[in-house]
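J.: kindly generate the corresponding structure for this input.
(chains A and B)
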Number of protein chains: 2
Amino acid sequence: MATAAQTDTKIELYRDLARQLRVDSIRCSTAAGSGHPTSSLSAADLIAVLLAGHLRYDFGQPDNPANDHLIFSKGHASPLIYAMFKAAGAISDDELMTFRKFGSRLEGHPTPILPWVDVATGSLGQGLPIGVGIALAGKRVLDAPYHVWILVGDSESAEGSIWEAFDHAGHEGLANLTAILDVNRLGQRGPTELEWDMGAYAARVRAFGVDPIVIDGHDPAEIDDAYGRARGAGRPTAILARTVKGKGVSFIENKEGWHGKALDPEQAKQAIAELGGETRSRTFAVAKPERWDRPSMQRSGSLALKTYTEPIATRKAYGEALAALGAARKDVVVLDAEVSNSTHAEDFKKTAPDRFFEMYIAEQQMVAAAVGMQVLGLVPFASTFAAFMTRAFDFIRMAAISRASIRLCGSHAGVSIGEDGPSQMALEDLAMMRAVHGSTVFYPCDANQTARLVGLMAERGGISYLRTTREKTPILYTDRLEEFRVGGSRIVRGGQPDDAVAVIAAGITVHEAIKAAEEVKGTIKVRVIDAYSVKPIDTAALVDAVRATGGRLCVVEDHWIEGGLGDAVLAALAEAGVAGNIQRFVHLAVRDMPGSGTPAELLDGAGISARHIVNAVRELAPERPRGG
Amino acid sequence: MATAAQTDTKIELYRDLARQLRVDSIRCSTAAGSGHPTSSLSAADLIAVLLAGHLRYDFGQPDNPANDHLIFSKGHASPLIYAMFKAAGAISDDELMTFRKFGSRLEGHPTPILPWVDVATGSLGQGLPIGVGIALAGKRVLDAPYHVWILVGDSESAEGSIWEAFDHAGHEGLANLTAILDVNRLGQRGPTELEWDMGAYAARVRAFGVDPIVIDGHDPAEIDDAYGRARGAGRPTAILARTVKGKGVSFIENKEGWHGKALDPEQAKQAIAELGGETRSRTFAVAKPERWDRPSMQRSGSLALKTYTEPIATRKAYGEALAALGAARKDVVVLDAEVSNSTHAEDFKKTAPDRFFEMYIAEQQMVAAAVGMQVLGLVPFASTFAAFMTRAFDFIRMAAISRASIRLCGSHAGVSIGEDGPSQMALEDLAMMRAVHGSTVFYPCDANQTARLVGLMAERGGISYLRTTREKTPILYTDRLEEFRVGGSRIVRGGQPDDAVAVIAAGITVHEAIKAAEEVKGTIKVRVIDAYSVKPIDTAALVDAVRATGGRLCVVEDHWIEGGLGDAVLAALAEAGVAGNIQRFVHLAVRDMPGSGTPAELLDGAGISARHIVNAVRELAPERPRGG
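T.: Alright, predicted model coming up:
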């Protein structure tokens, strides 16, 4: 046990650090002329005690796998996290004062361009579910010693994703996770729903399977005790800290109208005086973790992807490719949102159950967990119906800002799913995924292609997306399977310099396009391009098709007319400077709201079946065969 | 009090109805060859007692404003809802047997093409938050007598949006709302997280401010009692019903592997025999609501939109236009996700506080509530930062399937927000909103235009979206303000038949384009088009610009390069058949991940400032002025 004197010294240290964090939070935001000092001040004591007393983190070696993880889910408290980095000696005072300036690493909200930041935050309600992913992998895949601490705002507890996170933390018994709720009572525009009703927070958290620890968030001794209990607990914990927004500066404490507002220089001077004056830039010792070697993720074998000869759904090929990846690589993990028997992620579960994560019907938590797991160098694949990926769009968008490498698979794309109707049909997923920074978007049409693209995704950085089909599709490819590539395409019919019309398709419509090409064979030479790499798209192949056909193009896709393959083709041709060589362009895509029916009825009803392609081709073809 | 004999008769009636609902659920799904009979059977007793004993609904007059509202949040139990419509005499047995067939109104999941269905469901976790919107408007705007009943699946309680809904129901004290949780223990691929832990469900619901009533979901008397208590309660209620999936048919009861699977004809025969044989198609009496006249929503005056002369942010003009709408129309309601002082929705709150809804940081619940309110004929506007609209994409997608008319406003679009950094910058919202069926997408560049577009949105059906800017922008328009229209654009510089280059811009980039045009004035004739209606876009104006300039186009936008204005322009020109007249096309858009900085630094850093437009125009212009 610590003596009373030792305790006093420790508490004094905490107070000194908290004072410096507060002063620096004010200094850097005032210098920037913007930022969130009051949201930083409420959490300064919580962070001071964590940094100096409980965090195990080697700031000189941020990639030490034994390091604890600390995520500011309330990313707007960035002055505080940067002040903390300075206090830990990771950045200089000069760099701190570049906060929010053009070119600075210290952006308005933290991002992983800083080596001590795991993930970007700033869209509220995301840090906690990401932390769940880090804790989950730590417990179930890595058996890691680290603890995951997440500073959560009280306002953001209105986001459902926070409760998805508590639910999963409780269900999985993540004793290595502690949420630190900064209950400062005030949101951006006024009081939160629950204000300081600590009992209500405690009841909610407990009901979701997480142990609440209610404390005064400005009492270093209480905070100290709570962290000790949290790390030692056998269950996930939530420290519910009653705090005061703007704490320590009388004229902003617990006042409305001060969210996201920097103090002006005069106010800052006064505030710093109240806090005890400018502190010297002191560096505080942070405990390093004990040495721990991460289990080897060495590849256990070469990747043995199946080769198919009989019709099979691309979603099934996805599942079997995952299983093959799981056998070859220990770093591949798979998550699914309670539809693994539809997406076929269950094929991975059968062979690598320890690396399969059932996320139930919580798509936001699923994508967040994938982001968390890639922080640890794992290679996550996450799947659900493509339509329901829209549920996680904000998480996917933020994953790009996190520079995360995650792989998503959306099954049951398009009207071709049939009877289930439009709620289950993804008709906007290509538009959504194309508009994600640095994304790769694949839409395969047969099982062999699917398997190879899944293999490519495992090697690919950034956010990649695979769109799969519900129905069985014929096998098109049995040779040159190694040639499928990011940015590739394949000519499946025609390919001569005198092709009359080019039909550009992907996924299910490739088969319709082939049927159409067969039907007009003999009268019109049709080139059918399988544009399986929707982003990046194979610009060279498109340009060549324009040249060959004199610019007679038909794009056919099982997607709304906006934002999908058609837009991608036009943008690529424009970027290549050959838009002007487009003679005629017919875009077959879904324009009216579909209903239920058989896949064939719905493809035809949407105007994207072979019959419609035949009509388009006939309309596009020159009066007589070119050169004929 | 009812006599024992009366009670017996009532219970017998419930049993008869439940039997018919079960038999019909099996019959129609077996005829379809797909669907969810087991999920229907678990809830058959719950729905039988509701329909015959508690619902107040005039099936002959579905637009009676006094009708209760019943939403199947578990939309996959569509066989049950359609069997219920038949039992109520709303549809014939013949129509029931068209379930899931091409052209039938009885789609795989219910949609409002059926007059007794308020909203489309089938993406789980949405019916309850939509019901919250209906209840909220019933309580606060309409003072309506109806009760809102929502059948919720246990699996979908894993969605955070369910907890956003319970949170809001509790916070607003929605005594007119009852969630009926069908706890059948089994999800699609296996057991749910909580299985039959009724205590855990009760604790969660109670912690969120909703009174739980735990019952046996197959005991008509218990169900009957629970509904009576729920309607009479002074607080929102959740009936937590322990049920058995597939109840009533021995070989599917509580069995895994039976989700979303129709019985084959032989199995169906056996099942129906177990249930007591084919029932005759009996129609059951449903209590009609007492007459109630909806409060008049008569317009209280003409719309007095402001006219601005000084620079002001478009987001501020949005808020002031809302306030004007609120004064002129009693049917306008406004929702905001805890950022009303940023979106300026607070301007409406100040003048019409009774019709302003604070949704806290719960964007999914916000959009769902807007969808619920438009069911009642209200005219909802919902706002948050444009970046955070991505959080609600699945709800927006489903709103289109609901044929809902809602108006969304996303503020703080693009890199031009400045210091806050990329997490707060919407750079994918145009791509997202363009890919919503039947949507209208506006991106105004000045306050006068904004106000008029907000006026148009109030009159517009479907889903409309307004993108606003954080920074103050100069006033461009003081005349012909009545000419702004859906599908319109405006030429703000040039406009002669001999313009050399056309720059197509929207919002913030219009001002950059004007600066660029001024700079090259005298050497290059630039036409600047303000394409404020991004969808539908003004194709005629684009075609004219191509004709005038010989196809020399520059599109400049504060958005990722994919899916926004550039794609919209190319798609329109291709659809109009003039893509081939594009001589040169330069697309200035955001290509690299931005950081923090001033708006000017970030616009320039992204390559979309006046300087970059000048370079593009010089590159595009013909060697010497055309005709010169």
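J.: is A:Leu335 bridged to anything, and to what?
T.: Following DSSP bridges, A:Leu335 is listed with bridge partners A:Phe357, A:Ala382.
J.: now for A:Glu107: which residues touch it?
T.: Listed by C-beta atoms under 8 Å, 6 or more residues apart in numbering or on different chains, the contact partners of A:Glu107 are A:Ser78, A:Arg100, A:Ile113, B:Gly421, B:Pro422, B:Gly595, B:Ser596. All C-beta spots, glycine's among them, are computed from the backbone N, C-alpha and C.
J.: I meant to write A:Val526 there.
T.: So A:Val526 contacts A:Arg493, A:Gly494, A:Asp499, A:Ala500, A:Val501, A:Ala502, A:Val503, A:Ala513, A:Ala516, A:Ala517, A:Val520, A:Val617 (C-beta under 8 Å, 6+ apart).
J.: can you add pLDDT, secondary structure and distance to B:Thr468 and give the contacts of A:Glu107 back as CSV?
T.: Below are the contacts of A:Glu107 laid out as CSV (pLDDT from 0 to 100; DSSP: H, G, I helix; E, B strand; the rest coil; distance: C-beta to C-beta, whole Å):
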residue, pLDDT, secondary structure, distance to B:Thr468
A:Ser78, 98, helix, 24
A:Arg100, 97, coil, 22
A:Ile113, 98, coil, 29
B:Gly421, 97, coil, 19
B:Pro422, 98, helix, 18
B:Gly595, 98, coil, 22
B:Ser596, 97, coil, 21
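J.: which of those residues count as buried?
T.: Buried members of these, scored by 16 or more other C-beta atoms under 10 Å in any protein chain shown, are A:Ser78, A:Arg100, B:Gly421, B:Pro422, B:Gly595, B:Ser596.
J.: verify the contact between the first one and A:Thr111 for me.
T.: It stands for A:Ser78. No - with contact defined as C-beta atoms under 8 Å, A:Ser78 does not count as touching A:Thr111 (9.8 Å).
J.: one step back: quick check, nearest of the contacts of A:Val526 to B:Ala202?
T.: Minimum distance to B:Ala202 across these is 55.3 Å, recorded for A:Ala513 (C-beta to C-beta).
J.: surely the closest one is in a strand?
T.: No - A:Ala513: not assigned to a strand; according to DSSP: H, G, I helix; E, B strand; the rest coil it is helix.
J.: surely it meets A:Val503?
T.: Yes - if you go by C-beta under 8 Å, A:Ala513 and A:Val503 touch, sitting 4.5 Å apart.
J.: who touches both of those two?
T.: A:Val526, A:Val528, A:Val556, A:Ile613.
J.: look up phi and psi at the first one.
T.: It stands for A:Val526. phi -110, psi 130 (degrees, to the nearest 10).
J.: and for it, nearest residue in space, chain neighbours not counted?
T.: Closest residue to A:Val526 apart from its sequence neighbours, by C-beta to C-beta, 6 or more residues apart in numbering or on different chains: A:Ala517 at 4.0 Å.
J.: that neighbour in helix, strand or coil?
T.: helix.
J.: same question, A:Lys245
T.: Of the three states, A:Lys245 takes coil under three-state DSSP.
J.: following the lengthiest helix in chain A, which helix or strand shows up next?
T.: Counting residues, the longest helix found in chain A (DSSP state H) is helix A:4-32. Next helix or strand after helix A:4-32 toward the C-terminus (DSSP states H and E): helix A:37-41.
J.: that following helix - contacts with which helices or strands?
T.: Applying 3 or more C-beta pairs under 8 Å, 6 or more residues apart in numbering or on different chains; DSSP states H and E, we find helix A:37-41 packed against helix A:4-32, helix A:78-87.
J.: could I get those helices as JSON lines with distance to chain B?
T.: JSON lines is the format used below for the helices and strands packed on helix A:37-41 (distance: least, C-beta to the nearest C-beta, whole Å):
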{"stretch": "helix A:4-32", "distance to chain B": "7"}
{"stretch": "helix A:78-87", "distance to chain B": "9"}
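J.: any chance of those in CSV, plus distance to A:Met389?
T.: Shown next, in CSV, are the helices and strands packed on helix A:37-41 (distance: least, C-beta to C-beta, whole Å):
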stretch, distance to A:Met389
helix A:4-32, 36
helix A:78-87, 29
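J.: ok, the residue nearest to A:Val526 touching A:Val503?
T.: Yes - between A:Ala517 and A:Val503 there is a contact under C-beta under 8 Å: 6.9 Å.
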